[in-house]
Structure formats: C-alpha cells, structure tokens
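1. got a predicted model here, sequence first, then my questions.
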Amino acid sequence: MSVITVSKGHDLRISGIPSKDIQDAPRPAHAALQPPEFRYLRPRLKVREGDSVKIGTPLFESKDDPRIVFVSPAAGKVSPVRFGERRRLLEVVVELGGEESFEEYGALTRDEARGLSREALVDRLLKMGLWPLLRQRPFSKIADPDGRPAAIFVSATAAGPCEPDADRVLEGREQDFQLGLDLLKKLTEGPLHLCCAEHSEAKALIEAKGVSVHRFNGKHQAGDAAVQIYHVAPPSPKAPVWYLGYQDLLTISRSLAAGRLIAERVVGFGGPGAAEPKTLRTRIGASVESITRGKVRSGEMRYVSGAVLNGTAVDAAGHLGFYDSSLIVLPEGRGRELLGFARPGFGRYSLSRAWISAFFPGGEHDFDTNLGGSRRNFVLQGVEEDLCPVGIWPQQAAKAVLAEDFDEMEKHGVLDCAECGLCTFVCPSKIEVAGILRRGIDMIHKEG
Amino acid sequence: MKFLEKLFDKARPKFEKGGPFERLYPLFEAKETFLLSPATVTTGRTHVRDCLDMKRLMSIVVLALLPCFLFGTYNVGFQALSAFGLPTDWLSCVRVGAKSVLPIILVSYAVGGLWEVLFALVRRHEINEGFFVTGLLFPLTLPPSIPLWMVAAGVSFGVILGKEVFGGTGMNILNPALTARAFVFFAYPAHISGDKVWSLVDASKDKLVDGFSGATPLGVAAISASGAAPEALISAGFTLRDAFLGFIPGSIGETSALACLIGAAVLLLSGIGSWRIMLSMVLGAVGMSTLLGVVSGPESAGILALPVSWHLLLGGFMFGAVFMATDPVSAAHTKKGQYVYGLLIGTMTILVRAVNPAYPEGVMLAILFANVFAPLIDYVFTQFHFKTRAARRARA
C-alpha cells in the first residue's frame, strides 16, 4: 500500500455541487448510446428504426472486431437513428415502453463466476456487451480482446467535484466488488491495481483482496484514472494496460452474476445552471431530461456529460455518456462587458493575479461558457506546465504536434496525456491545447 | 451599453464574409473587442476558461510601465530646466517634458499601429494586442531629443523586421522594441549616444549654467581613471540616491530604478513577469562586475572597477531587467532555461559596458544577444526534460 501525492492540478471551485446522498432518478423516457464516444470505433448498425429491443440487445458492433458489441441499456423501440456528416453514426436512441425485458445469458453463482476460465470469461463479456467497459491505455480506446495487458487498473475515486462519492456508491456492494476484482485477475498475468482516495473508508476498498492498493491525494485530477496509471506504471503502446472505473466494475460483476445487463449508474447532477443539484441513481445512457427533471435555471444553458474541463456537450434532449458519471449544466456566456479588460475585476476566476478578485480568495464561482478573450498565438510561458498532473510541458508538446514531429511528440510524453483539460482551461491565448495534444495521440495511433 | 452592442451588431454584417467591407474586418473586430468583451463561447471539450486573456495581460504590462513613463516625462523637463538654471517646480518640468515625450509616443503608436493594421488586413487575422506594449516601450528607451522621423523609422523596423516577418505576436525571436532601438542605434548613432543627446538642450547655442555637461553617469564612469569611477561620478554631481530615484540624464523612461521596481512589483504580483529572469540577470551582473573588479589593475579603465551598486542603477539596467528581458516570447521558455538566460544577459551587459570602449551601454545588446541564444538554451533543458521522463518510465 502506498500513498501517492499528485502535486499538480487544480480544484475548480464551481458552484452547484450536489450533496452526495444518492436518490433514485425517475425512469427515463428514452436512453441512448453514442458511438463517437468510443475512440477509433467504426460502428456497424445492427438495428433500424422501429425495431423492438430488450435490455442487452446489440445496437451496433465494431466493424474492425465484430465480437465487440454495444448493447441497449433500455427495452423499447428504436427511434429514428441520428446520423451526422457523411453518414457518421451519432446516436442510437431507444424509447422505453412499458415493462422492460432483458436478453438472458444464464445467471451464475459467485463461485461459478469465479470458476470461469479466461476464455469463457472473455467470451461472456463480449457477448453480453460488457466488453466496452474495459479500456486500455495508451490511447484510451476499448481494450483489445486478444491482447494481454501488462496490468489492470481499477479507479475507485471521483475525478471531479460533481461526481458521486465512491464510498457511498460502494456501500453494500462489497461482495459484488470483490467478485469483480477476482474476475479481472483472470484477465492479466500482471498485477491488478486498485486506486482509491487517501481517506477512503469504504469496506469494499479496505477489505479488497488480490490487489495492489494505491492511495492518492491531491487535487481532483488525482482521481482521474489516466493520471493514476501514469503515477503507478506508465504504459507504452507495446505494453498497454487495461483500466475501468469502479462503477464499470460493479456493472460487470453484477451483470455476469445475474446473467443479464444491470446498467445501473450513479450520476452527479450539478453546475451553476442546475437549480437542484443532486446525486442520482439512474442508468447508462439515461436521457438528460430524466436527470435534470426540469430543475434547470432559465436562460440559454449548455449540458455537459462528463467533467467541466473534459466533457461532451449534449442537447437538452440528449443522453448521458457511456462512461460518464456526472452531468453539469452551464449557462452559455454570451454577455458582453464595456472595456472588460480595463476593469479592476471583482468576482473573476483566474489562476493568475491579474484581477483584484485574486486578492479576495472567494468561494464557489458561477462559471459560464464565455471564452474570456480572443484566440492568439502562444505568448505567456509556463502557465500550462504548472498544472499538468502528468508532468508534460503542454505548450512545447502542442508545438511539436502542430509541427507533426512524431519523435518530439512522443518524447514530450503526449501519450501520457490524461486529457484533464487544465492546459486548455488556463491558456491565456485561448488555444485548445488539450485538443491539439489529442490530435497528436490520434496521429501516433494512426501511424501504428 | 446595450446601445453600443446594437450599433456593432448592425454594422457587423458589412464586415463579414460577403459584405462590402470584408477586407476591413480586422479593424472592425479590433474596435469592437476593445470596447466590448467578446461574446465567443467555448467549443471543444473544455467548457469553461480562466478569464486571463491577451488584452488583460498587455494592459497589466502597460500599467507597470506607467511609473517609468510618468517619472520620465517629469525628469526630461527637470534635466532641461536644471541645465538652463530655470525653476524646476514639478508643473514646469512636466510641461517641458511632455512637450517632447508625448509626440515621440504618439508617433511610435501611430506609425507602428499603421504597420500592425496593414499586416493584419493583408494577412486577414485579428490585430494583436502586443503592440500596445511595444508602442510605449520603445519611446521610453530613446533620448528625449530624438528627431520624430527617426522614431518612425525605428518603430517601423522593429514592428516589421522584429515581429511581423516572423508571423506576428508570439512568433518573434527578438524583442521588437529593442530591435527598433538597435536599428536607430546603428543607423543614427550620433542621435542616440554620446554626450549631446540626453538633455533637451543644445550646448553650443543655449545659455546654460556653469559646469553643465550632457554626459550620462555611465558615460562619466566610462572615461574615468582606474579605481576612480565613483569619485568621478560624485564630482560630476551624481549620487547613488539620484541614480536610484532617477534624477539623472538618460533615455526617457530608464533613469529611475524606483519606478522600474514599482513596475516589477506590478508584473510579479500579477504573475505575469518572470522573477527568474529578473533575479538571475541581477545575479549575473553582480557576478561579472565583482569579477572585473578583482581582475582590474592600476592600468585598467575606471569602469572595470565600478561597484555593482552603480552598475545596477545606471545605463537602463533596471529597465531592461524588468521590461525587456522578461518579454515572454523572446526570452527562454523553459523555467530552468530562464535562469541561464538571465545570467547570460547580466554577465554580458557588464562585459560590454566595461570592456568595450565603443559602447558604454550594454543592456540592449546583451538582451538581443540572449534572445538569439534562447532557443538553444531551451533545447538543452528540453533534452534534460526528455531524459527525466524516460528515466521515470524505466524505473516504473
């Protein structure tokens, strides 16, 4: 057991943080899966509009490996499928109708589950649509079923202020959690790592067996799986590691034992635009409406599935992301100020001290989506690297990516980037630094 | 304010694609975002931003420059009126000073701004705020008697060849204000160095007080006999206190170390200036002047043994340390590299001043020299950074 301090990072003092008590969310009217979420996936649709599906019915599969299927989190009818430019599959929505039925794969007792061979386990995970819950680093893509990971990581921490408290979610789920760990152990010859918060007291974590436990302290980024992996055992393309969140693990073990997909997910709903921030028990891919229940402030709002600094903007009629455990509502910041740059600046949020508000450290801040300036070339130095939790020099690495210098990119450690979004957040030139680094990662992936 | 918004909203279509004034969009955008903060929202995956932007950053630098500008204006008048033996109450000093300083600054902003606008229009990008700083920085490094057409030539050279040919703000290798000054220095040396330029007086024509010499303190020290530099300075009428507060002849904005320190405080407090560069530049100067003092003998020029306290207060050293060396684009970018960069400038400044009889002033040349070396310094420290990352992987 070791305590790892992640010295760099930043706790965004965003307002609208939900209390960690878990309440049940109403049943959503519709749920969906969004193929663009899965890195490098080329989906092949397996249903069409109007088809009846059960929970666990495949909606689409991977063209590159058809064993990897993506199954419906809801039972009902398939809505008109959403396509984007050049017939890119954007969203497959299922309208819930009446009593929900499941695709059945045969329940297992815990001992039977533990007795499965590696091949049988992998086979079940693939068939039941649970495989996409396993991702690998580098590249943060779905794990390769034929691959042999050097290690597997389970991240049992909250990575952002609105995410649910891991200890609460794990209450009462100790047996399911241990079963999950035992199953994961079969998948690798290397170590199984469990990452928790320094002061975590969950029984499931304290009594976990067969794992190397690592306790983390630091800012919110210390709870990010990619950051944790970097600090314990940085992977390389030749020696990838697999990883998943603790809720993903519970989904796997509970579904395997029950023989059907248990798509439950605890989600934090908050942000400055949320009128009643809450932590809710809902399902993977639930509709935004079922989570917000209309308790959103008036005005033009942006709904973000995932983290504020690294999340997907979704429609009010959209859905929670497959891997996401928070939904944040932000007011769109289209307000304009007279001579904004010349004002003393009370009530501003900045990591610099260029505004008076820096000398009156405040509490929570009502963020909005205003860019805060115009896009320029890189000018100020050192601001991004002060925050990077994996020790990258983001500005120099971004310049290497823009120059398409593969060698330099890799030496800068672009593959270690956790995409926490802090570099983009702080850049005074308003450059999408994390986005550039992501392009670098994609470039390296493409080159092979 | 709503009225302003409506005004711009109505005018915007004329400047956007397809509108009759499409080519003048950068001008429209510059005026609009100067008055009204932009309504742009984030796209991409990071949905909120730190509110520091280039406009604010440059505004803070201009704020930091104000003490030097204000005191400099006063001091120009003070030096001139003292030379004539006229009363030096602060109102007269400011009046006389402003009469010569304000036109220089105006020309600098107008001509430089013209080039910025032209390049922005031709290249179809927004007008960058970096110019607000360069336009004020350059005049503060000039002697008050400089002809206005030289100011125009200098700022043009600085903006075009010091910045725009490289791609504009953020892409330059050299400090644009210093490039402009270097141009004037080498093209019109008689107007920017020597004894005649630092006061608004013409020693051959005007009726001056007895004992007036137009030399700057550094000029006096440069011709002093071995070991006698401090005495020469005192007998020329300069004291350490005068040098610190700035009541000495010199370029418009650089005489007062106190004003520069106030500027430094603004830059450091706001988190915009690099303390590493400022500190290591001072340390480099301390080191080199001590070394030279040790090796100087009875045959050496007096300036070799000039105490470090004088070195720091004279010749625009403070001004260079606070405002010029710290330009984030042309300085070293790596944190450790900034120490080496600053040390290099401090060391070179003293070396040029003391050892080279042709240039009693070394800060400008030292900074430009270090600008050219900054990428190499960064390269070295980047390689160390790579090694550290690779070693970390190997250990894990």
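-> Done, it's in. Here the structure is a predicted model, which means the values were calculated and not measured.
2. is B:Met364 in a helix, a strand, or coil?
-> helix (DSSP: H, G, I helix; E, B strand; the rest coil).
3. which residues in the stretch 251-396 of chain B form helices?
-> B:257-269, B:275-295, B:308-313, B:317-319, B:335-355, B:363-395 (DSSP state H, counting those that start in this stretch).
4. so where is the stretch 101-250 of chain B shaky, pLDDT-wise?
-> Low-confidence segments of the stretch 101-250 of chain B, defined by pLDDT under 70: B:202-206, B:211.
5. which bits of it sit near chain A?
-> Within the stretch 101-250 of chain B, the positions near chain A by CB under 8 Å from any CB of the partner chain are B:Glu126, B:Asn128, B:Glu129, B:Gly130, B:Gly167, B:Gly168, B:Thr169, B:Gly170, B:Met171. Heads up, the C-betas are built off the backbone N, CA and C, glycines and all.
6. what do you get if the cut-off is 10 Å, keeping everything else the same?
-> Counting by CB under 10 Å from any CB of the partner chain, the residues of the stretch 101-250 of chain B close to chain A are B:His125, B:Glu126, B:Asn128, B:Glu129, B:Gly130, B:Gly167, B:Gly168, B:Thr169, B:Gly170, B:Met171, B:Asn172.
7. point me to the residue of the stretch 301-448 of chain A nearest chain B.
-> A:Gly373 (2.4 Å; CB to the nearest CB).
8. so who does the closest residue in space to that residue that isn't next to it in sequence touch?
-> Closest residue to A:Gly373 apart from its sequence neighbours, by CB to CB, 6 or more residues apart in numbering or on different chains: B:Asp53 at 2.4 Å. Shown in contact with B:Asp53 (CB atoms under 10 Å, 6 or more residues apart in numbering or on different chains): A:340-341, A:350, A:354, A:371-376, A:427-430, B:33, B:37-38, B:59, B:129.
9. repeat for B:Thr255
-> B:68, B:71-72, B:75-76, B:79, B:198, B:216-217, B:242-249, B:313-316, B:318-319 are the contacts of B:Thr255 under CB under 10 Å, 6+ apart.
10. returning to what we had before: what about the residue nearest to A:Gly373, distance to A:Pro394?
-> Using CB to CB, to the nearest Å, B:Asp53 is found at 18 Å from A:Pro394.
11. mind putting the helices of the stretch 251-396 of chain B in CSV, mean pLDDT included?
-> Putting the helices of the stretch 251-396 of chain B into CSV (pLDDT from 0 to 100) gives the following:
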stretch, mean pLDDT
helix B:257-269, 96
helix B:275-295, 94
helix B:308-313, 91
helix B:317-319, 95
helix B:335-355, 94
helix B:363-395, 94
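12. just give the number of residues close to B:Leu66.
-> For B:Leu66, the count of nearby residues is 14 (other CB atoms under 10 Å in any protein chain shown).
13. where does the stretch 51-200 of chain B get nearest to chain A, residue-wise?
-> For the stretch 51-200 of chain B, CB to the nearest CB, closest residue to chain A: B:Asp53, 2.4 Å.
14. pLDDT wise, what is that residue at?
-> Per-residue confidence at B:Asp53 stands at 93 (pLDDT).
15. for stretch B:381-396, what is the distance to the chain centroid?
-> 37 Å (CA atoms, centre = their mean, to the nearest Å).
16. output it as PDB - backbone C-alpha positions only.
-> Only the C-alpha atoms of stretch B:381-396 are listed here, as PDB (Å, rounded to 0.1, in the frame of the first residue of the first chain):
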ATOM      1  CA  PHE B 381      16.800  21.900 -21.000                       C
ATOM      2  CA  THR B 382      14.200  20.200 -23.100                       C
ATOM      3  CA  GLN B 383      16.600  17.400 -23.700                       C
ATOM      4  CA  PHE B 384      17.100  17.100 -19.900                       C
ATOM      5  CA  HIS B 385      13.300  17.000 -19.500                       C
ATOM      6  CA  PHE B 386      13.100  14.200 -22.000                       C
ATOM      7  CA  LYS B 387      15.700  12.300 -20.100                       C
ATOM      8  CA  THR B 388      13.900  12.700 -16.900                       C
ATOM      9  CA  ARG B 389      10.600  11.400 -18.400                       C
ATOM     10  CA  ALA B 390      12.400   8.400 -19.900                       C
ATOM     11  CA  ALA B 391      14.100   7.600 -16.700                       C
ATOM     12  CA  ARG B 392      10.800   7.700 -14.900                       C
ATOM     13  CA  ARG B 393       9.400   5.100 -17.300                       C
ATOM     14  CA  ALA B 394      12.400   2.900 -16.900                       C
ATOM     15  CA  ARG B 395      12.100   2.900 -13.100                       C
ATOM     16  CA  ALA B 396       8.400   2.100 -13.100                       C
END
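17. so which residues make contact with that stretch?
-> A:230-236, A:385, A:390-393, A:396, A:400, A:408, A:410-413, A:416, B:332-340, B:375, B:378.
18. can I have the buried ones of these as a ChimeraX selection?
-> For the buried members of those, the matching ChimeraX selection, counting by 16 or more other CB atoms under 10 Å in any protein chain shown, is:
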select /A:230,231,232,233,234,235,385,390,391,392,393,396,400,408,410,411,412,413,416 /B:332,333,334,337,338,339,340,378
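19. could I get the contacting residues of B:Arg232?
-> One thing to correct before we go on: residue B:232 is Ala, not Arg. Contacts of B:Ala232 by CB under 10 Å, 6+ apart are B:Pro217, B:Val220, B:Ala221, B:Ala222, B:Ile223, B:Ser224, B:Ala225, B:Phe238, B:Gly302, B:Ile303, B:Leu306.
20. out of these, which end up buried?
-> Judged by 16+ other CB under 10 Å, buried ones among these: B:Pro217, B:Val220, B:Ala221, B:Ala222, B:Ser224, B:Phe238, B:Gly302, B:Ile303, B:Leu306.
21. ok, and the closest non-adjacent residue to B:Ile105?
-> Leaving aside its chain neighbours, B:Ile105 sits nearest to B:Pro139 (4.7 Å; criterion: CB to CB, 6+ apart).
22. and for that neighbour, the neighbour number?
-> 29.
23. list the buried residues in the helix or strand where it lies.
-> Using DSSP states H and E, B:Pro139 maps to helix B:130-140. For helix B:130-140, a neighbour-count test (16+ other CB under 10 Å) marks B:Gly130, B:Phe131, B:Phe132, B:Val133, B:Thr134, B:Gly135, B:Leu136, B:Leu137, B:Phe138, B:Pro139, B:Leu140 as buried.
24. next one: stretch A:280-293
-> A:Leu280, A:Thr282, A:Arg283, A:Ile284, A:Gly285, A:Ala286, A:Ser287, A:Val288, A:Glu289, A:Ser290, A:Ile291, A:Thr292.
25. just the ones of these in strands?
-> A:Leu280, A:Thr282, A:Arg283 (DSSP state E).
26. that's a helix at A:Tyr303, yeah?
-> No - under three-state DSSP, A:Tyr303 sits outside any helix and is assigned strand.
27. contacting residues around it?
-> A:271, A:273-274, A:288-289, A:291-292, A:296, A:311-320, A:327-330 are the contacts of A:Tyr303 under CB under 10 Å, 6+ apart.
28. with A:Val78 instead?
-> A:32, A:45, A:47-53, A:57, A:59, A:72, A:92-95.
29. what about those, which are in helices?
-> Of the positions in those, not one sits in helices, assigned by DSSP state H.
30. what subset of those residues is buried?
-> A:Ala32, A:Val47, A:Val53, A:Thr57, A:Leu59, A:Ser72, A:Val92, A:Val93, A:Val94, A:Glu95.
31. okay, the third one: pLDDT?
-> According to the prediction, A:Val53 has pLDDT 96.
32. is it true that it touches A:Phe60?
-> No - at 11.6 Å, A:Val53 does not count as touching A:Phe60 under the criterion of CB atoms under 10 Å.
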